[in-house]
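here is a sequence together with a model predicted from it:
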Amino acid sequence: MAEEQSSGCSPEACSSCAHAGTCESKKADMRAPANAYSQVKKVIGVISGKGGVGKSMVTASLARMMTEQGYTVGILDADITGPSIPKMYGVHENAMGSDEGMFPCIAKDGTKIMSVNLLLERESDPVIWRGPVIAGVVTQFWTDVMWGDLDFLLVDMPPGTGDVPLTVFQSLPVDGVVIVTSPQDLVQMIVKKAYNMAKQMNIPVIGIVENYSYLECPECGKRISVFGESHIDEIAEELGIEVLGKMPIDPQLSEMVESEKFYEVQNKYLKNITEKFQ
Ligand SMILES: Nc1ncnc2c1ncn2[C@@H]1O[C@H](COP(=O)(O)OP(=O)(O)OP(=O)(O)O)[C@@H](O)[C@H]1O
């Protein structure tokens, strides 16, 4: 049986040890190098413990907030099986490439976007790939895409806490994550799963956003809790994280998505997260 590793082992010992990469002595750095033509200052992951909470909506809303503040922003659409970012921004062309890598597509507000949908022959083609292939493509969106100079790269992560988001976390130099959730019975458990995944990867949690929080009656302004009462404040307090916003079901937002003009959206609901990186 391989000898148990203890702290302070020599690099030579680590290189031949069965415990290398898992023991405390030397954690393997599995992060992939960025493309030579990328200078990205901060990488922010947008995650959720489960799908269907409007993660892409929150990713794009954060991007709009940053763009409105004058930052250069990119969105890496890592939601490979349900990519929605390009369509939100009205981007339908195929991404171009050169010997040095792939160029992201550029939306009308300057947001740089890379998504599997920009590589498919037909946008409606399904992506029927297994987890490791999906994770490999996301990693390539980091290693092979020439992002240029970016203040922030937002990564719309694959939903859940399975092997794909895990590999993405290990491969990309994520500086912090925003957790997205919606009001529902299981929210506490789901948020904790996402929170614990980030913690186990030693990635700071910037805060939490509740989407589909309420609906405001257009007649009287009364707030209706469509999916039940929110527990987000209690959960955030328990975990010691900040609530970055409670986004209502806003017909104007869905109209901007449907008309593919998200590049015109003005963020009304989310706190400024850029100041946390100054
Ligand atoms: N706060 C909101 N107000 C109005 N429409 C919303 C809101 N959030 C999301 N939507 C709409 O719901 C649909 C799905 O949203 P989105 O693509 O962000 O998430 P999803 O694919 O359901 O979930 P996830 O990306 O978290 O797996 C979109 O058509 C979007 O416009």
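Looks like it arrived, so ask away.

what parts of the stretch 51-200 of the chain come near the ligand?
Proximity of the stretch 51-200 of the chain to the ligand (C-beta under 6 Å from any ligand atom) is limited to residues 51-57, 79, 82, 84, 159. C-beta coordinates here come from the backbone N, C-alpha and C atoms, glycine included.

from the residues you listed, which ones fall inside helices?
55-57 (DSSP state H).

from those residues, which single one is nearest residue 131?
Distances from residue 131 to those, taken as C-beta to C-beta, are shortest for residue 55 (18.2 Å).

residue 220 versus the closest one, what's the distance?
Remark: distance between residue 55 and residue 220 (C-beta to C-beta, to the nearest Å) = 31 Å.

wait, residue 137 touches residue 114, no?
No: using C-beta atoms under 8 Å, residue 137 makes no contact with residue 114, being 10.2 Å away.

the two - which one has more neighbours?
Taking neighbours as other C-beta atoms under 10 Å, residue 137 and residue 114 compare with residue 114 leading, 28 against 17.

so how far is the ligand from the residue nearest to that one when sequence neighbours are not counted?
Sequence neighbours aside, residue 104 is the residue nearest to residue 114 in space, at 4.5 Å (criterion: C-beta to C-beta, 6 or more residues apart in numbering). Here residue 104 is placed at a distance of 20 Å from the ligand (C-beta to the nearest ligand atom, to the nearest Å).

from the structure, what's the count of residues near residue 104?
Neighbour tally, residue 104, other C-beta under 10 Å: 26.

give me the pLDDT value at it.
Looking at residue 104, its pLDDT is 97.

with the one 5 residues further on instead?
Residue 109 is assigned 98 on the pLDDT scale.

circling back: pick the one among the residues of the stretch 51-200 of the chain next to the ligand closest to residue 267.
Closest approach to residue 267 among these (C-beta to C-beta): residue 57, at 11.4 Å.

for the residue nearest to the closest one when sequence neighbours are not counted, give me its contacts.
Excluding the flanking residues, the one nearest residue 57 by C-beta to C-beta, 6+ apart is residue 211, at 6.3 Å. By C-beta atoms under 8 Å, 6 or more residues apart in numbering, the contact list for residue 211 reads 53-54, 57-58, 180-182, 247.

list buried residues within these.
Among the contacts of residue 211, the ones that count as buried by 16 or more other C-beta atoms under 10 Å are 53-54, 57-58, 180-182, 247.

spatially, which two of the residues you listed are the most separated?
For the buried ones among the contacts of residue 211, the maximum inter-member distance is 12.6 Å, found between 57 and 181 (C-beta to C-beta).

who's more crowded, residue 55 and residue 220?
Taking other C-beta under 10 Å, residue 55 and residue 220 do not tie; residue 55 has more neighbours (26 against 6).

closest to residue 29 out of the contacts of residue 211?
Distance to residue 29 across the contacts of residue 211 (C-beta to C-beta) is lowest for residue 180, with 27.6 Å.

correct me, but the closest one touches residue 206?
No: between residue 180 and residue 206 there is no contact under C-beta under 8 Å: 11.6 Å.

buried residues in stretch 243-251?
For stretch 243-251, burial by neighbour count (16+ other C-beta under 10 Å) applies to 243-250.

show me where the protein has its helices.
Along the chain, counting by DSSP H, helices occupy 11-15, 55-68, 85-88, 131-143, 163-171, 187-200, 232-239, 251-258.

buried deepest among these, which one?
Ranked by average neighbour count under the criterion mean count of other C-beta atoms under 10 Å, these are headed by helix 55-68 at a mean of 24.
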